[in-house]
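A.B. asks: fold the following, please.
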Amino acid sequence: MYKVSVIGAGNVGATLAFQIAIRDLANVTLIDIVEDMPMGKALDMNQCSPLFDVDATVTGSNKLEDLADSDVVVITSGVPRKPGMDREDLLKINAGIMKDVCTMVKEKAPQSVVIVVTNPLDVMAWVASEVTGFPRERVIGMAGVLDAARQRTFIAWELGVSPLDVAAMVMGGHGDTMVPLPRFSTVNGIPITELLPANRIEAIAHRTRTGGGEIVKLLKTGSAYYAPAASAAVMVEAVLKDTGHLVPASCYLTGQYGFSGIHFGVPCTIGSGGVRKIIELGVNEPERMQLQASAAVVRQGIEDVAKFL
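C.D. replies: Okay, the predicted model is just below:
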């Protein structure tokens, strides 16, 4: 059976490990620095195996080197921004965590595909790519799958249709500058521009951009983890099963859409080697301007974090 290592056993990491296991996708190694905690969560998850009729096991560990020989490594570890912490402090801390993890990935799992979940997503994916030195297609940031799922949900609610009938496309950096693309968002093949007035489409786009923040406000403490974990699981499955699934994800660009040297959310197909192909859509001028603004934010983040590597 395949091996997937999940780095970080917080809400996102633990939920992801559980989803991978109960879907029998792979054996999971769940790693965290908190003493004994990943072992306890793994033990709890393993006791679900007979209930879900699966053979996959979850192993908890406090040692990064236990990611050895992984087929996929998913990095969820990092700290959220706390009161009094400026953006540069956050970048420095999470870049340090990413550097330590990716140095071990490079040494112990040199053939793995790396999926980054840690925020700021696009910047941390770039750090992972730089530190591992892996072929660029083997380091992917998870964001677009989540953002598109949120948009699909809001479209379905607005129209009173099944979310299974909705397809959505979101591009750009993960955060307030993401670019939902209503022209490429459909309900059973019908563009939502044919089904909804412009003001409702913009309201959905705004709610998609701020979807994470909306959940943070409601929870009061903590942030979203069910949908982020499910989104990462979709990407893990695409890699392990070599499906060629077409999703928006943060890929390293080499001229696509006019951008180079950054990780950025674009549509792509994913298989056993990571990103198979980046899909270039025919974006119009307003969409291109939004993408340029989003890319500028990502590039600034990369410039800021580079000095910590």
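
A.B. asks: strands along the protein, start to end?
C.D. replies: 3-7, 27-31, 58-61, 72-75, 113-116, 139-141, 166-167, 170-171, 179-180, 186-187, 190-191, 245-254, 260-271, 274-278 (DSSP state E).

A.B. asks: okay if I get these as a markdown table plus mean pLDDT and distance to Lys99?
C.D. replies: The C-beta positions use only the backbone N, C-alpha and C, and glycine is treated the same way. A markdown table is the format used below for the strands of the chain (pLDDT from 0 to 100; distance: least, Cβ to Cβ, whole Å):
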| stretch | mean pLDDT | distance to Lys99 |
| --- | --- | --- |
| strand 3-7 | 98 | 13 |
| strand 27-31 | 98 | 16 |
| strand 58-61 | 98 | 20 |
| strand 72-75 | 98 | 11 |
| strand 113-116 | 98 | 13 |
| strand 139-141 | 98 | 14 |
| strand 166-167 | 98 | 37 |
| strand 170-171 | 98 | 28 |
| strand 179-180 | 96 | 29 |
| strand 186-187 | 98 | 41 |
| strand 190-191 | 96 | 43 |
| strand 245-254 | 98 | 17 |
| strand 260-271 | 98 | 16 |
| strand 274-278 | 98 | 20 |
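
A.B. asks: tell me which of those sits nearest to Arg209.
C.D. replies: When these are compared by Cβ to Cβ, strand 179-180 sits nearest Arg209, at 7.2 Å.

A.B. asks: so the chain: which segments form each domain?
C.D. replies: 3-141, 144-306 (automatic domain parsing).

A.B. asks: in TSV: those domains, plus mean neighbour count.
C.D. replies: Output for the domains of the chain, formatted as TSV (neighbours: other Cβ atoms under 10 Å):
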stretch	mean neighbour count
domain 3-141	20
domain 144-306	18
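
A.B. asks: before we move on, the earlier item: looking at the strands of the chain, which is closest to Val123?
C.D. replies: So among the strands of the chain, strand 260-271 is nearest, using Cβ to Cβ, at 7.6 Å.

A.B. asks: let's see that closest one as CSV, backbone CA atoms only.
C.D. replies: Only the C-alpha atoms of strand 260-271 are listed here, as CSV (Å, rounded to 0.1, in the frame of the first residue of the first chain):
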residue,chain,number,x,y,z
SER,A,260,7.3,33.2,-14.1
GLY,A,261,9.1,32.2,-10.9
ILE,A,262,6.1,32.1,-8.6
HIS,A,263,3.6,29.6,-7.4
PHE,A,264,0.1,30.7,-8.4
GLY,A,265,-3.3,29.2,-8.6
VAL,A,266,-4.1,27.9,-12.1
PRO,A,267,-6.1,25.1,-13.5
CYS,A,268,-4.0,21.9,-14.0
THR,A,269,-4.2,18.2,-14.3
ILE,A,270,-2.7,16.1,-11.5
GLY,A,271,-1.4,12.5,-11.7
